[in-house]
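1. Please find the sequence and the predicted model below.
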Amino acid sequence: MLLCLLGVALVGYEAVQAGHAAGSAGQRLLGLLCAVGALLSWAVYSIGNSRWLARRPDLSGHDWSLLTGVATGALALLLVPAAFMASGASHSASAWGGFWLVSAGVAVVASVLGNACWNRASRHLPLTLTGQMMVFETLFALLYGFGWQQRWPTLMETVAIGCLVSGVLLCAHAHRPPRAVAEHVG
């Protein structure tokens with residue numbers, strides 16, 4: 001856990017101090033605080049989801065994923081058009097079509113498929129290890145960010161990524177079942 005926390009702290013420090021990042025240091029600090037809030041939200045979701053699934057063995061992770069996807073999809077259908085119209089900008093029919101196409105793709109791949117995998121992991125892994133799996137979301141966000149900025153990670157970011165991955169691997173190692181001791185016959 002300490003390695004994961006150190007990795008997150010290093011990434012956060014680099015994000016606030018980096019010269020390659022857009023915006024003022026204050027804006028980057030606000031962004032970092034929002035990211036911490038998102039991480040806390042995911043931690044609460046992870047714990048609540050694992051506990052809820054454990055209390056409901058009659059409901060499969062797949063069914064729960066579909067129900068969650070339907071609920072979030074319905075919220076998106078209600079909220080996204082309002083956000084588009086509140087921006088004051090006019091959008092062409094092709095822009096709307098592209099938006100809905102990308103949204104549908106993300107909904108199916110990330111929400112339904114990703115949630116199904118997350119629920120399966122929540123059901124089969126210990127809670128302490130399930131929480132650690134959130135680190136992979138951070139890693140993929142970093143990879144996406146590096147791709148978007150068309151750059152490689154800095155040395156500090158590389159060390160932070162190493163800390164995150166090492167922390168998760170050590171946690172997974174700590175949770176593996178003990179090996180049976182083989183008896184050696186003389």
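-> Yep, it's here. Numbering: from 1, shown residues only.
2. Mind jotting down where the strands sit in this structure?
-> Counting by DSSP state E, the chain forms no strands at all.
3. Poorly predicted segments of it, please.
-> 19-21, 87-88, 111, 127-128, 131-132, 134, 179-186 (pLDDT under 70).
4. quick one: contacts for the residue most central in space within it?
-> Central residue of the chain (CA atoms, centre = their mean): Glu137, 3.1 Å from the mean position. Contacts for Glu137 were tallied using CB atoms under 8 Å, 6 or more residues apart in numbering; they are Trp42. All C-beta atoms are positioned from the backbone trio N, CA, C, and that covers glycine.
5. Select the longest helix from this structure.
-> Identified as the longest helix of the chain according to DSSP state H is helix 25-55.
6. Return the list of helices and strands in contact with that one.
-> helix 2-17, helix 115-124, helix 127-132, helix 134-149 (3 or more CB pairs under 8 Å, 6 or more residues apart in numbering; DSSP states H and E).
7. Let me have those in a markdown table, extended by distance to Thr68.
-> Listed next are the helices and strands packed on helix 25-55 as a markdown table, based on distance: least, CB to CB, whole Å:
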| stretch | distance to Thr68 |
| --- | --- |
| helix 2-17 | 26 |
| helix 115-124 | 5 |
| helix 127-132 | 16 |
| helix 134-149 | 16 |
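8. which stretch among these comes nearest Gly162?
-> Taking CB to CB as the criterion, helix 2-17 is the member of the helices and strands packed on helix 25-55 that comes nearest to Gly162, at 7.4 Å.
9. For the closest one, buried residues please.
-> For helix 2-17, a neighbour-count test (16 or more other CB atoms under 10 Å) marks 3-4, 6-8, 10-12, 14-16 as buried.
10. Then stretch 140-157?
-> By neighbour count on 16+ other CB under 10 Å, the buried set for stretch 140-157 is 142, 153, 157.
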